[in-house]
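Peer 1: Following is a predicted model, sequence given first.
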Amino acid sequence: MTVKAKEPKPSAEVGEVGVIPLPDSKSAGTWWLVFGACVLMTMWTRLHKVSQPAWVCWDETHFGKMASWYINRTFFFDVHPPLGKMLIAGMGYTTGYNGTHPFEKPGDPYDDHSYLGMRVGCTLLGCAIVPFSFLTVWQFTHSLTAASLAAAFLIFDIGVLVLNRYILLDPILLFFISGSVFAMAQFRGIQEPFTVAWWSWLTVTGAMLAGAISVKFVGLFVVLYVGIFTIGQLWYILGDVSKPFLYTLKHFIARAICLIMVPIALYITFFYIHLTILSKSGSGDGFYSSLFQSTLEGNRLYNASMPKEVAYGALVTLKNHRTGGGYLHSHFHLYPEGVGSKQQQVTTYAHKDENNFFVMKKWNEEPPNNTDIDAVVDLVKNGDLVRLEHLQSKRNIHSHNQPAPVSKRHFQVTGYGENGTGDANDVWRLEVIGGKEGEVVNTVTSKLKFHHYFVKCVLTCSTKNLPKWGFEQGEVSCNPTTRDPNAMWNVEDNLFSKLPNSSVHDLAPSFFSRFIESHKVMLQGNSGLKPKEGEMTSKPWEWPINLRGQWFSAGDDKTRIYLLGNPVIWWANIVFLIIFLIIYSYSSLKSQRGVLESPEITAERENTMLAASWLFLGWSLHYIPFWTMGRVLYVHHYYPALLFSSMLSAVLLDYIIVVISRMLPSSLSSTLTHTAMGLVLGGCWYTFYLFSPLVYGMGGEYARESNSSMHHLHWMETWEF
């Protein structure tokens, strides 16, 4: 498929430069009238009753809370990059929100908190999706009809509308994705390279790509999309033998600067701002390494003064050294019947907690009393045999020949004994990774392994979570494979009054170390996102057919909001995806067989297929990868792909109307065009009108009830509203 840009028509009848018609163009007035109408309709449908419901809706509980943490400069963990959340926090801060609403759960009222600035800010970014899509289709086709249809499909899609009206990352992500595609399309239409406009649109494209990937990692799909387009352009330029190779090299360098270096620089800058703002200890500390935590004000490790060396009798916490690893943890709950021995549970826990503390003891004797000034301090060394006694329960970390609860090839780890007295299966040989025999264990810096003395396995975090009976905390097991990389631990807290304290401040990592660790933790968190018990999720095959939606606000006593795509638009998009494949195959077959047609018809079909092919590629790149993902998925993940399928439907519908009109007498062709447009726009508006209560609020009986005034809208049993 060629990637050569469609040559703009030089005639006075077109007279467009980029997306803006020249003042003397005959179509300029109509163009601006239609474009303005689309923008106004977008603003009205999105901003109407945007303050309602006046309580926390769906994932506002997450992103509103994160905005509060930014305003309060409190560190937290999230699986997404920071730009979207920083923008939401900025919207709130500049409009008077003080970061005090708890955002505990959906349905919590906002009361007198200034939440509206964040909602309106997200909504305004979501509003830009429609003009971006209008201008993208216009640039691809130079058809006002196709551009208008693309805008209408998005304006009247109640799903896009709902998703754009709340404190969420989705409107921000869609803004940058649609902005990236628009900037790419605009750059594609510039014929004179290395001009100010050429450099400007290329740089804007790079900045939009940086924004997309800095909001969510799925922004990588639009980066790949623009990358494929860029490779195609460079391949075409390379094939122009009238230009020297140096000319191609200049194009390559320009694109490398604007589409690679600029996005990377912006992406790193956003993270620098993120890590600078979040300077205070918070709920996310435990997901990061001990050294990372030493940079957070208020954390026990920030300018911490604790003994450098670990002694017997010290109270310690042990943090798993893997990316995102938690703390060794136990609590007064037992393993249930049928899960190994019915002894005390041992887990990993990602948060600071008193149940994370253990007493470091020799295997065969009690440590001296810490209050005895004459007692000899005995340091823990590489190769020592030790016991780990849980401070709260007085039970020892223990393993035996019973299978672990989840990792059946590992052995179970439990808390065993009474008041520190257990049996021989409580004994572990401590190894300092890379250390010499007899080397003293140091706080934070020493990487440790605990080898069970009799079972011959290593204490490890299996990376799997326990079921609900284990509070979905991390499984701790004993792995017979002693090279397990997840079996490394380090002492984080070290409380012992008889040793002099020293600071770990000098060990604080650099920005780039924290930047790299942040990404490891985010990627680890993303891959670990699994559906919780009883949680409603969806599969990628369900999304295009609009099988089910998502509650944004629910409850018999509340205004109900339900995320559901406009069924007419969504189902039509499926039809047009199939039509594209048919027309593309038919066009390719005719071309291969050398069928002669008039140059005008051939050029029109090729230009349409070129535009449609790029849009189909965009839909594929933003949809098909989800089939391979093992993480939990929801229907809102489909909306970036929906942008492309809606634009594709508009391009093909316009082409089909033109082709059919050409077959009819001139007296009927205009009538057909206006009738078809009227039916399409009328149908979109009418279904929007019918389903608008899902956007602006439903009350009374649920539509699934036969006595409901909305029962006529319950077209599918899977629609829960």
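Peer 2: Nice, I can see it. Numbering: from 1, shown residues only.
Peer 1: what are the ranges of the strands in the stretch 551-700 of the chain?
Peer 2: 561-563 (DSSP state E, counting those that start in this stretch).
Peer 1: Tell me which stretches of it form helices.
Peer 2: Taking DSSP state H, counting those that start in this stretch, the helices of the stretch 551-700 of the chain run over residues 567-593, 599-623, 639-663, 666-691, 693-696.
Peer 1: would you list those in JSON lines and tack on mean neighbour count?
Peer 2: (Each C-beta comes from the backbone N, C-alpha and C, glycine too.) What follows is those, written out as JSON lines (neighbours: other C-beta atoms under 10 Å):
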{"stretch": "helix 567-593", "mean neighbour count": "15"}
{"stretch": "helix 599-623", "mean neighbour count": "19"}
{"stretch": "helix 639-663", "mean neighbour count": "22"}
{"stretch": "helix 666-691", "mean neighbour count": "14"}
{"stretch": "helix 693-696", "mean neighbour count": "22"}
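Peer 1: For those, could you give me JSON lines that also reports mean pLDDT and distance to residue 427?
Peer 2: Listed next are the helices of the stretch 551-700 of the chain as JSON lines, based on pLDDT from 0 to 100; distance: least, C-beta to C-beta, whole Å:
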{"stretch": "helix 567-593", "mean pLDDT": "91", "distance to residue 427": "63"}
{"stretch": "helix 599-623", "mean pLDDT": "91", "distance to residue 427": "55"}
{"stretch": "helix 639-663", "mean pLDDT": "93", "distance to residue 427": "55"}
{"stretch": "helix 666-691", "mean pLDDT": "88", "distance to residue 427": "67"}
{"stretch": "helix 693-696", "mean pLDDT": "93", "distance to residue 427": "63"}
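Peer 1: Out of the ones you listed, the one nearest residue 452 is which?
Peer 2: helix 599-623 (48.2 Å; C-beta to C-beta).
Peer 1: between that closest one and helix 639-663, how big is the angle?
Peer 2: Orientation check (axes from the mean of the first three to the mean of the last three C-alpha atoms, to 10 degrees): helix 599-623 against helix 639-663 gives 160 degrees.
Peer 1: Report the angle between helix 599-623 and helix 567-593.
Peer 2: 130 degrees.
Peer 1: got the contact list for helix 599-623?
Peer 2: 1-2, 6, 137, 140-141, 177, 181, 218, 221-222, 224-225, 228-229, 540, 543-544, 577, 580, 583-584, 587, 638, 640-641, 643-645, 647-648, 651-652, 655, 658 (C-beta atoms under 8 Å, 6 or more residues apart in numbering).
Peer 1: can we see that at 6 Å?
Peer 2: Residues outside helix 599-623 that contact it (C-beta atoms under 6 Å, 6 or more residues apart in numbering): 1, 6, 140-141, 221, 224-225, 580, 584, 587, 640-641, 644-645, 647-648, 651, 655.
Peer 1: Check the offset of that helix from the chain's centre.
Peer 2: 29 Å (C-alpha atoms, centre = their mean, to the nearest Å).
Peer 1: next one: stretch 517-527
Peer 2: Counting by C-alpha atoms, centre = their mean, stretch 517-527 comes out at 11 Å from the chain centroid.
Peer 1: for stretch 194-206, same thing?
Peer 2: For stretch 194-206, the separation from the chain centroid amounts to 28 Å (computed by C-alpha atoms, centre = their mean).
Peer 1: Over to stretch 650-662?
Peer 2: Stretch 650-662 sits 37 Å away from the centroid of its parent chain (C-alpha atoms, centre = their mean).
Peer 1: can you pull the alpha-carbon coordinates of that stretch into CSV?
Peer 2: Extracted in CSV, the C-alpha atoms of stretch 650-662 (Å, rounded to 0.1, in the frame of the first residue of the first chain):
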residue,chain,number,x,y,z
ALA,A,650,-17.9,8.2,7.7
VAL,A,651,-15.3,7.9,4.9
LEU,A,652,-16.9,4.8,3.4
LEU,A,653,-20.5,6.1,3.8
ASP,A,654,-19.6,9.2,1.9
TYR,A,655,-17.9,7.2,-0.8
ILE,A,656,-20.9,4.8,-1.2
ILE,A,657,-23.3,7.8,-1.4
VAL,A,658,-21.1,9.4,-4.1
VAL,A,659,-20.8,6.1,-6.1
ILE,A,660,-24.6,5.4,-6.0
SER,A,661,-25.4,9.1,-6.9
ARG,A,662,-23.2,8.8,-10.0
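Peer 1: which residues sit against it?
Peer 2: 137, 141, 143, 145-146, 149-150, 576, 579-580, 608, 611-612, 669, 672-673, 676.
Peer 1: ok, residue 387 to residue 573 distance?
Peer 2: Residue 387 sits 64 Å away from residue 573, going by C-beta to C-beta, to the nearest Å.
Peer 1: For burial, what's the neighbour tally of residue 234?
Peer 2: For residue 234, the neighbour count with other C-beta atoms under 10 Å is 16.
Peer 1: Tell me the backbone dihedrals of the residue nearest the centre of the chain, please.
Peer 2: By C-alpha atoms, centre = their mean, the chain has its centre lying nearest to residue 216, at 3.8 Å. With angles defined as degrees, to the nearest 10, residue 216 sits at phi -150, psi 150.
Peer 1: swap in residue 447?
Peer 2: phi -90, psi 120.
Peer 1: OK, contacts around it?
Peer 2: 321, 433, 488, 490.
Peer 1: Residue 81 now?
Peer 2: residue 214.
Peer 1: same question, residue 265
Peer 2: Per C-beta under 6 Å, 6+ apart, neighbours of residue 265: none.
Peer 1: a helix runs through it, doesn't it?
Peer 2: Yes: assigned with DSSP: H, G, I helix; E, B strand; the rest coil, residue 265 falls within a helix.
Peer 1: before we move on, the earlier item: next, work out how far apart the residue nearest to the centre of the chain and residue 122 are.
Peer 2: From residue 216 to residue 122 the distance is 14 Å (C-beta to C-beta).
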